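S.K.: My questions are about this predicted structure, shown below with the sequence.
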Amino acid sequence: MTDYQTPGPARAHHVEGQTLRVDFAAARLALTPLTDRLVRVRWTPAERWAPRRSWDVAKADADFPAVPFTVAEQAGEITLTTGAVSVHLARASGQVGFAAGPGRVFAVDAAPVAWEAGGAVRVAKHIAGGEHFYGFGERGGLLEKTGRRLINCTTDPARAHGPDVDPMYVAIQIYLSVRPGLAYGVFWHNTFRSVIDVGRAQPGVLTLEADGGEADYYVAYGPSPAEVLRSWALVLGAMPLPPRWALGHHQSRWSYLTADEARQVAAEFRRRDLPCDAIHLDIDYMRGYRVFTWDPERFPDPAGLVADLRREGFEVVTIIDPGVKADPDYAIYQEGLERDYFIRTAAGAVAHGVVWPDDSVFPDFLRPEVRAWWGERQRALTEAGVRGVWNDMNEPVVFDRPFSEGGGGVGTLPQDAPQGPADERTTHAEVHNLYGLNMARASYEGLRQLLGDERPFTLTRSGYAGLQRWAANWMGDNHAWWEHLEMALPQLLNMGLSGVPFVGVDIGGFNDNCTGELLARWVQFGALMPFCRNHAAAGTARQEPWVFGPQVEATYRAALTLRYRLLPYLYSLFWEAAQTGAPILRPLLYHFPDDPVTYNLQDQVLLGPALLAAPVLRPGQAARAVYLPAGEWYDWHTGEKRAGGGYHLALAPLEHMPLYARAGSVVPLGPVGRNTAPEPGAPLTLRVYPGEGEFALYEDDGRTLAYERGEWALTRFVLRTTEAGVRLSWSRSGRFAPGPRSLLIQVAGLGTLTVADDGQPRTIML
Ligand code: MIG
């Protein structure tokens, strides 16, 4: 009756190195504790395990230092125990479950692992009472995903994003489960098209399914969300520190059509005293959409343009698509053909598809030599001075027919197209989800080579788990709708919980025409997004900050001023993300996982541990409800203290959104210049909110790779508040010298004092 296969009963088990191997009647299991709280579970019905692939996760099992564990046998059960968790395995069925002490039972199989005809695999887990689910990569809809069926298959959804629009550009099969007292995560380690059903098909059961490959997943025990994210950074890698300018405001449009137009837009930012760090050039800078070329008429002197803009304090970011125009007179096409770098069909011919340049071919980024070639070809951009590359269309998208013939329907490469290095040949079906990730990798690694000691900036639309190692990520083509401003919050928060900290949406919305009020509200939230870019589609109304008149422009300026003032704080959060995998923009549940009110709170965000923002997400609103979790909070704008643990009504005039600092915070602020360039010797302001807390301020030169060689400074501020008063102490480590300078210490409710910061440890009473 069954058309699927299960493991049957256990026959024998033994420990081999770091792995408990169990033979079942019809399958084999490998349980590998990688740390005391991170365990890999791997099943195969086959004789052999799939070999590790060159495109696999950052860290192989063998690269983890050995961790102590014990194996015990009880009636009917084999138990593997580390210092933090135990894994319970039913001998009769192979069902696996986890526990971390009484009451902390989690990720328990609801059925034996199953293999279906055709190679599909399925794992089913019980959903425990009170469990809530987050992460899952890029999605529309609400923050919490119970009741959703989520597809992992990178694509351009090509219609207005919303709760029913799935899959999207990015595929990350990672989720975070939170309930009072316990957070844990699961990474479904499988590159095929996959589906995670969160109690939709069967209430109370979460299933992990994939079209092929092994039943292979990692379970990361918290108990805090931060611990779970730490494990993903170990397995998948963390974000490298971007150049500081990439944290500034980026201005984009499809397209600034000529060099003069780009110059004018940049000049307008300076004339109006609006801070900005980057101008983006969309596809029209190219000659007929040929990648790694410049249009000779509209961009006659790219190096001159970039040099002029740099003098004004801007970097230039250029878009690159994977589709290479099939034009016999075009060097990139010729080279790629000669070297056999383009993906072929199963029948052996080079695979063609229509994208922006019309008839195009597609590099196989899974092969290291193809990545190296593509990365080097970015020289056409870096020679002109470009320091950032924006990778688009890399799901990859293939249109149904040329735009000139009314095309635009979205498809992709054939599933049976062979891909990968000769000794690891597979088909597109297995690695479709990795196309964008590997294009971003080619771009990042190429820029690392080309830019010498300078840090590259890369941006990608598509990606897979671990994309944070190679690029920042934006959420693709949203609309200039209030609903999409509202959707941006849960969307970005879930990306952060999926291990991708450097994320943003197009400020003002991509499709459709923005309005002044929407732009003002959007940038108030947008100024807190890790990636802060205003971008809009061809054919839409202009939406640069000044387009809607002085009031909106003033609001835009205020929002950017806040972001630029916060740079020392924000840059430190980027450093933390690079070290630990922590998100930069966080849902409240990240820091308050025991407070069930936070479980569905998706219209407020935390920026790092200290700041809570309540953006306005509807037109005409001058006030909104704000939930402050337990503890004390300070109004950022007025300094007024508020008790947490409930809702209050906050005033929210167009000029600013409600913003709060948590008691116990130390928030470092810098001066606001035209861009993010550090101003050595400038005073550093510290906003101090009495209470108990710490903050690590990270500083370096902001531009080079010297930080990888120890040229950084970490200043640890420790805040203690007793009846005797408020005590602030700090000490610095690392070889970078940010001072001498003065510290302007502003203590909420107590006034301001100035002290010299000469690099020596200090303790002062405030
Ligand atoms: O088919 O390059 O998401 O940001 O402006 C559209 C043109 C191609 C899609 C990207 C968008 C970009 C646009 N691109």
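M.R.: Great, that's in hand. Please read these numbers as outputs of a predicted model, since none were measured by experiment. Numbers count the residues shown, from 1 in each chain.

S.K.: where do the helices sit along the chain?
M.R.: According to DSSP state H, the chain carries its helices in the segments 225-236, 259-271, 302-311, 331-338, 368-377, 379-382, 428-431, 435-450, 482-497, 516-526, 550-565, 567-580, 588-591.

S.K.: any chance you could map the strands in the stretch 201-350 of the chain?
M.R.: Here the stretch 201-350 of the chain has its strands, by DSSP state E, counting those that start in this stretch, at 205-210, 215-221, 249-251, 278-281, 315-320, 324-325.

S.K.: And those strands: which comes nearest residue 721?
M.R.: Closest to residue 721 of the strands of the stretch 201-350 of the chain is strand 215-221 (CB to CB; 33.2 Å). (C-beta placed from N, C-alpha, C; glycine too.)

S.K.: List the contacts of that closest one.
M.R.: Residues outside strand 215-221 that contact it (CB atoms under 8 Å, 6 or more residues apart in numbering): 34, 37-44, 84-85, 98, 100, 106-107, 113, 115, 121-123, 184-190, 208, 227-228, 231-232, 235.

S.K.: Listing partners with orientation, what would you give for the helix or strand bottoming out on mean pLDDT in the chain?
M.R.: Each helix and strand of the chain was given a mean pLDDT (mean pLDDT, DSSP states H and E); the minimum falls on strand 410-411 at a mean of 90. Strand pairing for strand 410-411, determined by DSSP bridges: strand 398-399 (antiparallel).

S.K.: Give me the mean pLDDT for the partner strand.
M.R.: Mean per-residue pLDDT for strand 398-399: 93.

S.K.: can you tell me if it touches the ligand.
M.R.: No: using CB under 6 Å from any ligand atom, strand 398-399 stays clear of the ligand, with a minimum separation of 8.3 Å.

S.K.: and that strand, how far from the chain's centre?
M.R.: Distance of strand 398-399 from its chain centroid, counting by CA atoms, centre = their mean, to the nearest Å, is 26 Å.

S.K.: Could you do stretch 678-692 as well?
M.R.: The answer for stretch 678-692 is 28 Å, by CA atoms, centre = their mean.

S.K.: Over to stretch 270-278?
M.R.: Centre-to-centre, stretch 270-278 and its host chain are 26 Å apart (CA atoms, centre = their mean).

S.K.: I'd like the average pLDDT over that stretch.
M.R.: Stretch 270-278 shows a mean pLDDT of 98.

S.K.: Buried residues in that stretch, which are they?
M.R.: Neighbour-count burial for stretch 270-278 flags 274, 275, 276, 277, 278 (criterion: 16 or more other CB atoms under 10 Å).

S.K.: Would you reformat the residues you listed as a markdown table and include distance to residue 161?
M.R.: Putting the buried residues of stretch 270-278 into a markdown table (distance: CB to CB, whole Å) gives the following:
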| residue | distance to residue 161 |
| --- | --- |
| 274 | 28 |
| 275 | 29 |
| 276 | 27 |
| 277 | 27 |
| 278 | 25 |
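
S.K.: and of these, the nearest to residue 706?
M.R.: Among the buried residues of stretch 270-278, and counting by CB to CB, the member closest to residue 706 is residue 277, at 20.1 Å.

S.K.: Next, the contact list for the closest residue to that closest one other than its chain neighbours, please.
M.R.: Nearest non-adjacent residue to residue 277, counting by CB to CB, 6 or more residues apart in numbering: residue 248, 2.8 Å away. For residue 248, the contacting residues are 275, 276, 277, 278, 532, 563, 564, 675, 676, by CB under 8 Å, 6+ apart.

S.K.: quick one: low-confidence parts of the stretch 401-550 of the chain?
M.R.: Applying pLDDT under 70 to the stretch 401-550 of the chain flags no residue at all.

S.K.: Up against the ligand, what does it have?
M.R.: So the stretch 401-550 of the chain meets the ligand at 461, 476, 477, 535 (CB under 6 Å from any ligand atom).

S.K.: hmm, 5 Å instead?
M.R.: Contacts of the stretch 401-550 of the chain with the ligand, taken as CB under 5 Å from any ligand atom, map to 476, 477.

S.K.: ditto for the chain
M.R.: For the chain, the residues in contact with the ligand (CB under 5 Å from any ligand atom) are 254, 282, 283, 392, 476, 477.

S.K.: run the last query once more with 8 Å
M.R.: For the chain, the contact set with the ligand under CB under 8 Å from any ligand atom comprises 156, 252, 254-255, 282-283, 319, 321, 355-356, 392-393, 397, 408, 461, 474, 476-477, 506, 510, 535, 537-538.

S.K.: out of those, which are buried?
M.R.: Among the residues of the chain next to the ligand, the ones that count as buried by 16+ other CB under 10 Å are 156, 252, 254-255, 282-283, 319, 321, 355-356, 392-393, 397, 461, 474, 476-477, 506, 510, 535, 537.
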